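Undergrad: I would like the atomic coordinates for the input below:
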Amino acid sequence: MNCRILFVGAFAMSLWVSAGAEPLGLPPVPIPADNPQTEEKIALGDRLFHDTRFSADGEVSCATCHEQAKGFTDNLPVSVGFNGLTGTRNAPTVLNSAYMKTLFWDGREADLEGQSMQPPINPVEGGLPNHAPILAVIRDDNEYVAEFASVFAVDAASITMTHVSKAIASFERSVVAGNSSFDRYYYGGEVEAMTAEQIRGLDVFINKGRCVSCHTIEQTQALFTDNRFHNIGVGFKQIRGKEQETAEQFIKAKREGVDVDVAVLTSRNVSELGRFAVTENITEVGAFKTSTLRNIDKTAPYMHDGSLATLEDVVDFYNNGGRDKDTDPLSGFQSGGIRPLNLSDTEKQQLVAFMQALTSPDLERFTGR
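TA: Numbers count the residues shown, from 1 in each chain. Reported below is the predicted structural model:
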């Protein structure tokens with residue numbers, strides 16, 4: 001085994017969170033019964049996650065859009081795939097994705113295993129026509145063959161995308177980050193872990209700002225997401241006034257066999273349908289999943305379309321009731337809880353300071369590759 005694989009294995013094993021060893025502020029990582037965590041499987045998933053050969057031009061891997069040194073995002077408004085093609089969505093962080101009940105901004109996959117299969121065969125991401133080229137690369141790589149034999153007890157010819165997706169998902173479930181200043185203050189009882197400004201920002205977050213309504217904090221843990229979908233007004237002006245027409249056109253195309261994963265990343269209008277593209281529930285037009293706020297200071301820009309560059313922009317957006325400015329018209333599909341907050345400039349600064357207290361010191365161990 002070469003030095004690179006030894007490094008990958010050591011790196012992945014250092015991330016592996018065993019039962020009872022979760023970072024402060026986070027619950028136990030949910031592990032599927034049919035995909036238990038092992039150090040070898042995590043190491044294999046780490047290698048697969050970073051392999052650029054699983055794309056049409058040999059230059060795009062999972063890590064291209066989810067880079068360790070950038071908080072497992074790419075810090076771009078929308079991600080760049082093979083041949084420089086761009087989609088319509090901002091790359092969510094992989095950090096703490098183990099706790100997500102659905103994946104992608106519209107929740108179109110139920111688990112990390114299913115999610116990991118989609119990007120390589122999306123025409124603006126990996127660009128492959130199907131999964132066959134991935135399996136061909138793996139079966140022709142003696143190191144991969146040995147690793148899959150060890151982890152899954154299969155020979156080269158028996159390796160499937162199910163095995164591949166399980167390994168990648170296991171790696172992603174190992175990438176968890178808590179122990180933030182907030183965690184040490186709120187759950188650890190360290191009264192000096194947060195600054196006075198951050199403590200005042202926490203009060204704004206819970207009370208006047210009502211952020212906690214969707215970015216939840218519980219008694220013993222905080223995921224900072226309700227894992228639900230809301231139309232907060234972001235990007236919706238793209239289809240305002242033609243919501244019904246856009247929805248009807250999409251449903252027709254869907255009935256004719258258009259793949260949802262492809263459609264939402266290749267059409268701006270379809271992208272803005274949000275959760276509706278999955279459920280076809282008219283009340284979910286323009287609704288997107290509540291993102292976690294953990295490590296939010298490291299994962300700019302923000303929102304499903306990357307349209308807000310800074311945390312200050314995000315706070316202003318919410319303060320204006322889900323609009324870029326308070327003179328913009330409201331959408332009839334916007335969630336009822338989104339309304340002006342009337343925060344002062346000082347309160348807005350305090351709220352930003354609080355969100356900066358959600359950055360985990362554990363991120364330092366994700367920058368070694």
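Undergrad: hang on, isn't residue 289 packed against residue 102?
TA: Yes. At 6.7 Å, residue 289 and residue 102 qualify as touching, with contact defined as C-beta atoms under 8 Å. C-beta: built from backbone N, CA, C; applies to glycine.
Undergrad: between those two, which has more neighbouring residues?
TA: Neighbours were counted for residue 289 and for residue 102 using other C-beta atoms under 10 Å; residue 289 has more, 23 against 19.
Undergrad: what's the distance between that one and residue 332?
TA: Between residue 289 and residue 332 the computed distance is 21 Å (C-beta to C-beta, to the nearest Å).
Undergrad: ok, residue 83 next?
TA: 39 Å.
Undergrad: now do residue 227
TA: 25 Å.
Undergrad: before we move on, what about residue 343?
TA: With the distance defined as C-beta to C-beta, residue 343 ends up 25 Å from residue 332.
Undergrad: who has more neighbours out of the two?
TA: residue 343 (18 against 11).
Undergrad: excluding chain neighbours, what is closest to the more buried one?
TA: residue 319 (5.0 Å; C-beta to C-beta, 6 or more residues apart in numbering).
Undergrad: can you give me the helices for the stretch 51-200 of the chain?
TA: With DSSP state H, counting those that start in this stretch as the criterion, the stretch 51-200 of the chain has helices at 62-65, 112-116, 132-139, 142-152, 161-174, 181-186, 196-206.
Undergrad: would TSV of those with mean pLDDT, distance to residue 25 and mean neighbour count be doable?
TA: Output for the helices of the stretch 51-200 of the chain, formatted as TSV (pLDDT from 0 to 100; distance: least, C-beta to C-beta, whole Å; neighbours: other C-beta atoms under 10 Å):
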stretch	mean pLDDT	distance to residue 25	mean neighbour count
helix 62-65	97	26	22
helix 112-116	97	21	21
helix 132-139	98	36	16
helix 142-152	98	31	17
helix 161-174	98	17	24
helix 181-186	98	3	22
helix 196-206	98	13	19
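Undergrad: ok, which of these comes nearest residue 261?
TA: Residue 261 lies closest to helix 112-116 among these, at 9.8 Å (C-beta to C-beta).
Undergrad: quick one: distance of the closest one to the chain centre.
TA: Computed by C-alpha atoms, centre = their mean, to the nearest Å, the chain-centroid distance of helix 112-116 equals 12 Å.
Undergrad: just checking, next helix/strand downstream of the lowest-mean-pLDDT helix or strand in the chain?
TA: Every helix and strand of the chain was ranked by mean pLDDT, DSSP states H and E. The lowest is helix 3-15, at a mean of 37. Next helix or strand after helix 3-15 toward the C-terminus (DSSP states H and E): helix 39-49.
Undergrad: what is that next one packed up against?
TA: When contacts are defined as 3 or more C-beta pairs under 8 Å, 6 or more residues apart in numbering; DSSP states H and E, helix 39-49 packs onto helix 3-15, helix 62-65, helix 142-152, helix 161-174.
Undergrad: mind exporting the longest one as CSV, just the C-alpha atoms?
TA: It stands for helix 161-174. Presented in CSV, the C-alpha positions along helix 161-174 are these (Å, rounded to 0.1, in the frame of the first residue of the first chain):
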residue,chain,number,x,y,z
MET,A,161,-22.5,1.3,-6.4
THR,A,162,-24.3,0.3,-3.2
HIS,A,163,-20.9,-0.6,-1.8
VAL,A,164,-19.4,2.7,-3.1
SER,A,165,-22.2,4.8,-1.7
LYS,A,166,-22.0,3.1,1.7
ALA,A,167,-18.3,3.8,2.0
ILE,A,168,-18.7,7.4,1.1
ALA,A,169,-21.6,7.8,3.4
SER,A,170,-19.6,6.3,6.3
PHE,A,171,-16.8,8.8,5.7
GLU,A,172,-19.3,11.7,5.6
ARG,A,173,-20.9,10.5,8.9
SER,A,174,-17.4,10.7,10.5
